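next input, structure requested:
(chains A and B)
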There are 2 protein chains.
Amino acid sequence: MLKPLFYPESVAVIGASRTPGKVGHEIVGNMLNAGFEGKILPVNPFADEILGLKCYKEIGKCPGKIDLSIIAVQAPLVVEATISSIKAGVKAIAVTSSGFAECGKEGAEIQRQIAKLCSDAKIPLLGPNCFGVINTSIRLNASFSKHLPKPGGISVISQSGSLCSAMLDWASAHGLGMAKVVSLGNKADLNEVDFLESFAKDDETTVVVGYLESIKSGQEFLKAARAVTSSKPFILLRAGITKAGIWAASAHTGTLAGADTAYAAAFRHAGVIRVDGLDALFDCTAAFSTQPCPKGDKVAVITNAGGPAVLAADAVEQFGLTLAKIKEDHIELLKQQLPPAAIAYNPIDVLGDADPKRYSMAVDAAQDDEEVDAVIVILTPHSMTQPAETARSIAQKAGGDKPILMVLMGSDEARVEHIKIVDKNLPIYPSPGRAVAALSAMRKYQQWRSMPERVVTRFPVNLRLVERIVTRQLKANLMQVGEVETKEILRAYDFTVPDGGLAGSPEEAVDIAKRIGFPVAMKIVSLDVLHKSDVGGIKLGISSAEEVRDTFDLLSLRVGRRAPEARLSGIYIEKMATEGLNTVMGMVSDPRFGPILMFGLGGTFIDRLDTTSCYLAPVSGDEAMQMLLESRSYALLKDARGQADVDILAIVSGLQRISQLSTDFPHIKELNIDPYIVGRTGTGAVVVDARISLSRTDGE
Amino acid sequence: MLKPLFYPESVAVIGASRTPGKVGHEIVGNMLNAGFEGKILPVNPFADEILGLKCYKEIGKCPGKIDLSIIAVQAPLVVEATISSIKAGVKAIAVTSSGFAECGKEGAEIQRQIAKLCSDAKIPLLGPNCFGVINTSIRLNASFSKHLPKPGGISVISQSGSLCSAMLDWASAHGLGMAKVVSLGNKADLNEVDFLESFAKDDETTVVVGYLESIKSGQEFLKAARAVTSSKPFILLRAGITKAGIWAASAHTGTLAGADTAYAAAFRHAGVIRVDGLDALFDCTAAFSTQPCPKGDKVAVITNAGGPAVLAADAVEQFGLTLAKIKEDHIELLKQQLPPAAIAYNPIDVLGDADPKRYSMAVDAAQDDEEVDAVIVILTPHSMTQPAETARSIAQKAGGDKPILMVLMGSDEARVEHIKIVDKNLPIYPSPGRAVAALSAMRKYQQWRSMPERVVTRFPVNLRLVERIVTRQLKANLMQVGEVETKEILRAYDFTVPDGGLAGSPEEAVDIAKRIGFPVAMKIVSLDVLHKSDVGGIKLGISSAEEVRDTFDLLSLRVGRRAPEARLSGIYIEKMATEGLNTVMGMVSDPRFGPILMFGLGGTFIDRLDTTSCYLAPVSGDEAMQMLLESRSYALLKDARGQADVDILAIVSGLQRISQLSTDFPHIKELNIDPYIVGRTGTGAVVVDARISLSRTDGE
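The predicted structure follows:
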């Protein structure tokens, strides 16, 4: 479908102009300068020739077939240009003009119209409000960019034209080559999913880099992103993640971004390498496009100065990597070859006056050492160093199976010069922290790639029972499922729920209490009362028949007084939970990505504060375990002596069960088990209170 | 004391050399090139002349008085050079040679010797293993740096010579001027405290920038840092904060770094602007040295591209600032002057083709708006922009009372060029995130500066009682204070402790229980049993006299069986605590900075995981409140509806009381109240369990 966009043999430019500085002029000029291999057909009713090319009055007058129509006229004229492009039989349209959904209602209406025209004609539409498209393999530069980048493996999708620009400038300065660059603009038709699918299959693309403010379809995005990440890295900067950012983004491309928790879970799920800013985007792109991922987490640091080595060591630990322990024989070898004041242990200090040869020798030693998975080389330039020569000789060492990243301290000016010399073999960073951050992203991606295939365990459950309850609630239009029914549902999914029963009278209550054994808890059951404790509808620790009777009366009377309209279904008598760790576990269905699981300690979703431990359902056992391990809560499960004597497996399997429940029943919009009391290792866990919300739609 | 170091009239260089590349040659050359206003006296027994300067056989032969002796001979010869320098009557010595404490025992011994020689002679010693010293005001460049920086307000102290280098290169590329630069090296004598004291008083210094791996004396550092920060910003990068970093640092300058929690608390206490990497160090230095701090948190973003504006908006919110709401009349004015497709709301989008005039107009509007405290200008260069001219015209707007920071997207190469043009008026950043981060550091510092003076409340307490207990424990060599005594101490500091008493027999136990009322808790009291629950020495919820008797026997027998050597003082009977929020509160005395207060929720120091809510004692009421507000726990105090119905004041005053207790009694090494059960607003809090550890030394 994207072939006519990326590989057109002929391109018409509607709105081509003779006036330099006008978009319609620049695009024609950029295509000409790039040396496009196909035909360029400028269209302008008032010109005969533009930049030496014959100009056509209308697109219908162009000779031969036309693959791609670039529309660069003012917004109100775009509908007409679209109609005539379609009539002329083009296979794809890209609208670079702005003035559409990002500018209010009127623009949005025009956008809707052109999208409909294209969709009716089954023609893919890029934009509007986009920067254009680049494909270096056929020297196509139908964009605002002055220069065609050199060919290479980086492909870019961006919801911002200016970030395409920034990326192109940066890649050119770093000697890095690009495959395809596409600006999504307002995404009236083609969106990130289309291009991710295409890049996943594209042999010319080895690294995918993205800037996105919104995602059209969560499920499709996940699928497409996974298609990419299973064979090549996908580095993504997502913006519009705060309230202020969402507001700014809606003004930008007229689309609305969403809460970041779900996105964070989705990106992790799909193995997307997410970065938090432009610097990191560039830093990671440089590393991934030039170096192999490290096979392990052990880093050797080679330096000619102490301070930067300390900063590197800090960063190594902070980013979850470790300083490699250089092998004894390598240390001996290094000691023999280095001056006496040098340090042969890691960080290896080759001393301030180290020349390219000394650096090379140290890099060889590190590369040869099987205890080393990655090498970071730091050079602080001063009068006795040869930064350019050193960088060049280290670049010659790159290309093996261990990544080498270089840190060149000092001025940007000098670095810019050195980067030019080294060209594309060696990524060069201005500070140790940034090199280590990029390396750590590679390590994480490599770990994700080497994970065993996900096996989502299906537990035997009583599906029928839950189906009955859900259907009954939906029929009765009851979107809030009460505690008793929620517990029934959870019991059907093999959760342990305290023994109990619903009593209609004090006598029934006493019978139930005697059957399940004292002490018991008593709670009012009413569809009209959501927060039982707000109306004083809960009593705990009741230990005699007489107390049960009194409590029955007390609770009933109290509800009658405090919530007179509430219809009382009865009083629930329940065995008191045993002691254990107070946790919460839950699920919220995200409109984009479906069910998201959460876990927290101490009666609160601590981890909601921190997006790292929300996971998309369905989770495998490994993922549920990972979710727990990564959560900030996990550290708190351990006692003062670092032991975690709580039933970890009860938490892990609990998460898997709510994962299964929420994928089995997409109508479940929210599920909250609070508290989920977890006993000591081997003793399981108990659902003490729980609630479910349903929605009419089934989540999709 | 530092006058002969910073303002010498004559400088001898021992180890001056005729061989280019040798340190002793470079330093003389660097001093000559800088155009030092005083006398340069090279000392070398084998040379008559160096770089055109008359050379002396020994320092004693130099004519006239000598203020500063730079020693650049090999380590083993440094002792001799130090002795002859002292004999020659120098007023200060700087040793640039390496091979001292950073190289093992032998070197450390030489270092100790020269430090002793200097201290006996009362001569300040800089280094050894240092980069030298620079003072632009007298054109002194007695360092490894090739170039004397241009004069300006930035002064640098660095424990790494290469970071001095990096700082000088960076400042030169950004056209920023320096006052004094000093490399601390191994800190055998002069250390960060001496230079902070000096920079605090130095009128030529407007911004202090530091790189430190270790700090010699916590209390002195705090005092000196506060002297700086109360009149000028102190931006600090501290390295050696992880295990790996500490290891690397000990190899680097032979000093041992310490746990970061205490440092973090100390830096916050002293208003130090702490950065986490080199980029941030440079970014903040550029902002602080060229712009005024913002008076508030409201930021206007002016941009010519949507994507970077979204990134800026995200960063504004993530860094705790807000997007300014532009006033209606300014919006109208902007709308009149901007093209129709522009956006006059914040972020103000002046469109891709904005020229310097359009940018200037928008900056004027933002500066005039009283709703705006700071301006961030973003420019994405492309064919229709004039980045250099725009930057220059915006630089002309700087200098008012609102900071302006500029983001110049695109290649480093172009940015380097533009920065040269703009010179020192306007800080220029490569990405929105970095500009906003620097602005946020300015905002925080400004808030710290404008805090009302700290008033540490002294609560009326029973000092005598605590004195008696502490003295008794110390005399008996009992470093662990048991629960009963700890609670006595806390009660003396007006903490609420449950009623209770120590019983020697079942009858006594029953009497106590009856007096305080059921239900009660019973706990064994034994100096030999630290973890009562480990031996089954606690029973809760005892509600009758008979149960008290049985429990007394059970606990006594159990201890006898499980901890036969333990001497039992009795059984403590205590009123059961009421319900409330389970918190912990405590203090650990840091060897460098003294008592550090901690607070956490749910029975664990969640906040120890996060260094932001540890504070140095003594705390004022405001600081205790701040400590709570900043803690991650605070978010958890609120219920689902955002309400915090817990007695915040009981927490705040609790923190103040342990602050007072730990400053009153420096022998208290550790204090742990766990749990501290906090009731609903207005109901106070109860100490349920607590423990104190003492130390022989009084913490200093």
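
count the neighbours of whatever residue of the stretch 251-400 of chain A ends up closest to chain B for me.
Using C-beta to the nearest C-beta, the point where the stretch 251-400 of chain A gets nearest to chain B is A:G307, with a distance of 2.4 Å. For the C-beta atoms, the positions are set from N, CA and C on the backbone; glycine is no exception. A:G307 has 33 neighbours, counted by other C-beta atoms under 10 Å in any protein chain shown.

and the pLDDT at it?
Listed pLDDT for A:G307 reads 93.

what residues are up against it?
B:158-163, B:211, B:213, B:239, B:252 (C-beta atoms under 8 Å, 6 or more residues apart in numbering or on different chains).

next: A:R491.
When contacts are taken as C-beta under 8 Å, 6+ apart, A:R491 is in contact with A:V497.

from the middle of its chain, how far away would the helix or strand hosting it be?
For A:R491, the host element (DSSP states H and E) is helix A:483-492. If you compare the mean C-alpha spot of helix A:483-492 with that of the full chain, they lie 34 Å apart, counting by C-alpha atoms, centre = their mean, to the nearest Å.

where does pLDDT dip in chain A?
For chain A, residues meeting the criterion pLDDT under 70 lie at A:250-259, A:383, A:421-424, A:530, A:602-613, A:631-644, A:698-700.

of the contacts of A:G307, buried ones?
Neighbour-count burial (16 or more other C-beta atoms under 10 Å in any protein chain shown) is assigned, among the contacts of A:G307, to B:158-163, B:211, B:213, B:239, B:252.

any idea how far the closest residue in space to A:P233 that isn't next to it in sequence is from B:D645?
With C-beta to C-beta, 6 or more residues apart in numbering or on different chains as the measure, A:F288 is the residue that lies nearest to A:P233, at 4.7 Å, once sequence neighbours are left out. In this structure, A:F288 lies at 50 Å from B:D645, with C-beta to C-beta, to the nearest Å as the measure.

cool, A:E213 as well?
39 Å.

name the SS class of the residue of chain A most remote from its centre, please.
With distances taken as C-alpha atoms, centre = their mean, the residue sitting farthest from the centre of chain A turns out to be A:E546, at 57.5 Å. Judged by DSSP: H, G, I helix; E, B strand; the rest coil, the three-state class of A:E546 is helix.

and it, how far is that from A:A509?
When A:E546 is compared with A:A509 (using C-beta to C-beta), they lie 11 Å apart.

same question, A:L568
Counting by C-beta to C-beta, the gap between A:L568 and A:A509 amounts to 13 Å.

go ahead and confirm the residue nearest to A:P233 touches A:F234.
No. Judged on C-beta atoms under 8 Å, A:F288 makes no contact with A:F234 at a distance of 9.6 Å.

can you pull the contacts of the closest residue in space to A:N304 that isn't next to it in sequence?
Across the structure, with C-beta to C-beta, 6+ apart as the measure, the residue nearest A:N304 apart from its sequence neighbours is A:A354 (4.6 Å). Applying C-beta under 8 Å, 6+ apart, we find A:A354 in contact with A:304, A:385, A:390.

let's verify A:A354: helix, strand, or coil?
Counting by three-state DSSP, the three-state call for A:A354 is coil.

now the helices: where do they sit in the stretch 501-650 of chain A?
In the stretch 501-650 of chain A, helices defined by DSSP state H, counting those that start in this stretch lie at A:506-516, A:545-562, A:621-630, A:632-637, A:648-664, listed in chain order.

what are the contacting residues of the third one?
Which is helix A:621-630. Outside helix A:621-630, the residues that touch it by C-beta under 8 Å, 6+ apart are A:451-452, A:454-455, A:457, A:597, A:599, A:612-613, A:615, A:619, A:634, A:648, A:651-653, A:655-656, A:659.

domain parsing for chain A?
A:1-131, A:149-290, A:292-449, A:499-575, A:581-694 (automatic domain parsing).

can you redo the ones you listed as TSV with distance to B:L190?
As requested, these are arranged in TSV below (distance: least, C-beta to C-beta, whole Å):
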stretch	distance to B:L190
domain A:1-131	56
domain A:149-290	36
domain A:292-449	18
domain A:499-575	64
domain A:581-694	41
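
out of those, deepest packed?
domain A:149-290 (a mean of 23; mean count of other C-beta atoms under 10 Å in any protein chain shown).

how about the stretch 51-200 of chain A: which residue is closest to chain B?
At 2.4 Å from chain B, A:S160 is the closest residue in the stretch 51-200 of chain A, using C-beta to the nearest C-beta.

for the closest residue to that residue other than its chain neighbours, helix, strand, or coil?
Closest residue in space to A:S160, ignoring its immediate chain neighbours: B:G307 at 2.4 Å, by C-beta to C-beta, 6+ apart. The three-state assignment at B:G307 reads helix, by three-state DSSP.

gap between B:G307 and B:A342?
Applying C-beta to C-beta to B:G307 and B:A342 gives a distance of 16 Å.

same check, this time on A:S533
For A:S533, the distance to B:A342 equals 54 Å [C-beta to C-beta].
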